[in-house]
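K.L.:
I'll drop the sequence and a predicted model, then ask my questions.
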Amino acid sequence: MNYLDGMLREGALKGKNILITGGGTGLGKSMGEYFLELGANLVITSRKIDILKNTASEMMLNKGGKVIPVACDVREIDQVEGMWKEAINELGQIDVVLNNAAGNFISPTERLSTNAFNTVLDIVLKGTSQVTLTAGKDWIEKNQKGVFLNIVTTYAWTGSGYVVPSAAAKAGVLAMTRSLAVEWAKYRIRSNAIAPGPFPTEGAWSRLLPGDLVKKFDPAKKVPVGRVGEHQELANLAAYLVSDFSSYVNGEVITIDGGEWLKGAGEFNNLDQIPKEMWDMMEVSRGKKV
């Protein structure tokens, strides 16, 4: 057995219905695939229904189980409430909510428009809070236990240059996680979070750091264990935290980053090495100024 293997026993999530925001691609998809292997059913959401449908079909073909794709912009409360109703109608109840939807711009803060700044806040903090409130109120009304697992980041503690809206929003999600862990425990609702370090996904780093920058600022070079994370490692931790094995874990934020944040707080602080001309090129590569 090695770190690329699944950690939990077969059937560890059997009978659990899990909703994943941002579940159509990247880390959300990877965590969802492992949940399916362990016996769960899924509702996956994001704004793009075509991607969700393709992912759902691929997941069910490869992993089995049931995957319901539901389009939802978490910034819009009407869509969140409609998504929750559809999830309940399809699966009967939702036992776990994985708040994974996120957005980010890597940019000097003074170059960000108000709209760009607010877009990140709205997806990460407002979106997470709206999904959490919608689910939590329903669980409380029905006297149903539930689990929230929120994906944050290590710079939610430290802050980080060049990703200020993300840092501010993730810090808010971290505070909400701990606050609701105390307030809603009496309703049998647990709240925990994971703070991942570098877990590159297909195309993600190249979009954030185009061209040769992705090599120059190779995240593995900042990690004491000398590598980036594998998706299965994150999926193992997530599966444990949404399972009944973690029933005494509440209000905890677990870092999984190979020691990166201890080596140098602020994941993107070293981007002060990028000259103005290169920032200009990055903005052009994104197709518009942010």
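P.N.:
Structure received.
K.L.:
Show me what the longest strand seen in the chain packs onto, helices and strands only.
P.N.:
Identified as the longest strand of the chain according to DSSP state E is strand 189-196. Counting contacts by 3 or more CB pairs under 8 Å, 6 or more residues apart in numbering; DSSP states H and E, strand 189-196 is packed against helix 127-141, strand 146-151, helix 164-183, helix 231-242, strand 253-256. Heads up, the C-betas are built off the backbone N, CA and C, glycines and all.
K.L.:
Low-confidence ranges, the stretch 1-150 of the chain, go.
P.N.:
Scanning the stretch 1-150 of the chain for pLDDT under 70 picks out 1, 3.
K.L.:
Could you figure out how far the longest strand of the chain is turned away from helix 164-183?
P.N.:
Comparing the axes of strand 189-196 and helix 164-183 via axes from the mean of the first three to the mean of the last three CA atoms, to 10 degrees yields an angle of 150 degrees.
K.L.:
Enumerate the positions of strand 189-196 that are buried.
P.N.:
Using 16 or more other CB atoms under 10 Å as the burial criterion, the residues of strand 189-196 that qualify are 189-196.
K.L.:
What segments of this structure are helices?
P.N.:
All helices of the chain, identified by DSSP state H, fall at 26-37, 49-63, 77-91, 114-121, 127-141, 155-158, 164-183, 204-208, 213-216, 231-242, 260-263, 276-285.
K.L.:
Dump these into JSON lines; add mean neighbour count and distance to G15 as well.
P.N.:
What follows is these, written out as JSON lines (neighbours: other CB atoms under 10 Å; distance: least, CB to CB, whole Å):
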{"stretch": "helix 26-37", "mean neighbour count": "23", "distance to G15": "12"}
{"stretch": "helix 49-63", "mean neighbour count": "16", "distance to G15": "16"}
{"stretch": "helix 77-91", "mean neighbour count": "17", "distance to G15": "11"}
{"stretch": "helix 114-121", "mean neighbour count": "15", "distance to G15": "36"}
{"stretch": "helix 127-141", "mean neighbour count": "19", "distance to G15": "17"}
{"stretch": "helix 155-158", "mean neighbour count": "19", "distance to G15": "32"}
{"stretch": "helix 164-183", "mean neighbour count": "20", "distance to G15": "24"}
{"stretch": "helix 204-208", "mean neighbour count": "16", "distance to G15": "33"}
{"stretch": "helix 213-216", "mean neighbour count": "14", "distance to G15": "42"}
{"stretch": "helix 231-242", "mean neighbour count": "21", "distance to G15": "13"}
{"stretch": "helix 260-263", "mean neighbour count": "16", "distance to G15": "36"}
{"stretch": "helix 276-285", "mean neighbour count": "13", "distance to G15": "46"}
